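Q: Just need the structure, nothing else, for what follows:
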Amino acid sequence: MTKKAVNTDVLLASIIKGIEEVKGNDIDILDLRGIDTAVCDYFIICNGNSNTQVNAIVNSIQKLVSKELKDKPWHVEGTDNAEWVLMDYVDVVVHVFQKQIREFYNIEGLWGDAQITTIPTNY
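A: Below you'll find the model as predicted:
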């Protein structure tokens, strides 16, 4: 049985909506399609203010994507300590950080060749 392909743009929109529903901060989309060594098409990076908010963001994304697209992540890791949670939707990888951990690892700097789109928030 083959998995039904999910439109990447719709997946991106659902993930962003899930982040915004629980007030995730500093949302960036890194377009990796032009980088030969990239492991996926997009990274979505955001941060929460605490372990509780990081887990709330992850749960919100999973619930919304499941409800709207009938899709679930291929793999999720990092929920135990909730400092950096990685959600792998194959073509899109979501990184949910606590602010200080995000600054330390500087994923945007590591993928400096990627086109970065910042999503403005009103909260």
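Q: ok, now which ones touch the residue nearest to residue 51 when sequence neighbours are not counted?
A: With sequence-adjacent residues excluded and distances taken as C-beta to C-beta, 6 or more residues apart in numbering, residue 51 is closest to residue 82, at 3.9 Å. C-beta: built from backbone N, CA, C; applies to glycine. Residue 82 is in contact with 51-52, 54-55, 58, 98, counting by C-beta atoms under 8 Å, 6 or more residues apart in numbering.
Q: Residue 13: which of the residues you listed is nearest?
A: residue 58 (17.5 Å; C-beta to C-beta).
Q: Could you tell me how many residues sit around the closest residue in space to the closest one that isn't next to it in sequence?
A: Counting by C-beta to C-beta, 6+ apart, residue 85 is the residue found nearest to residue 58 once chain neighbours are left out, at 5.0 Å. As a burial measure, residue 85 scores 23 neighbours (other C-beta atoms under 10 Å).
Q: is it true that residue 85 touches residue 59?
A: No: at 10.1 Å, residue 85 does not count as touching residue 59 under the criterion of C-beta atoms under 8 Å.
Q: Flag every buried residue along the helix ranked longest in the chain.
A: For the chain, the longest helix by residue count, based on DSSP state H, is helix 51-69. By neighbour count, with 16 or more other C-beta atoms under 10 Å as the criterion, the buried positions of helix 51-69 are 53-58, 60-62, 64-65, 69.
Q: now, which of these sits nearest residue 43?
A: In terms of C-beta to C-beta, no member of these lies closer to residue 43 than residue 61, at 13.7 Å.
Q: mind checking pLDDT for the residue lying closest to the closest one once chain neighbours are set aside?
A: For residue 61, the nearest residue in space outside its immediate sequence neighbours is residue 18; the separation is 3.6 Å by C-beta to C-beta, 6+ apart. According to the prediction, residue 18 has pLDDT 98.
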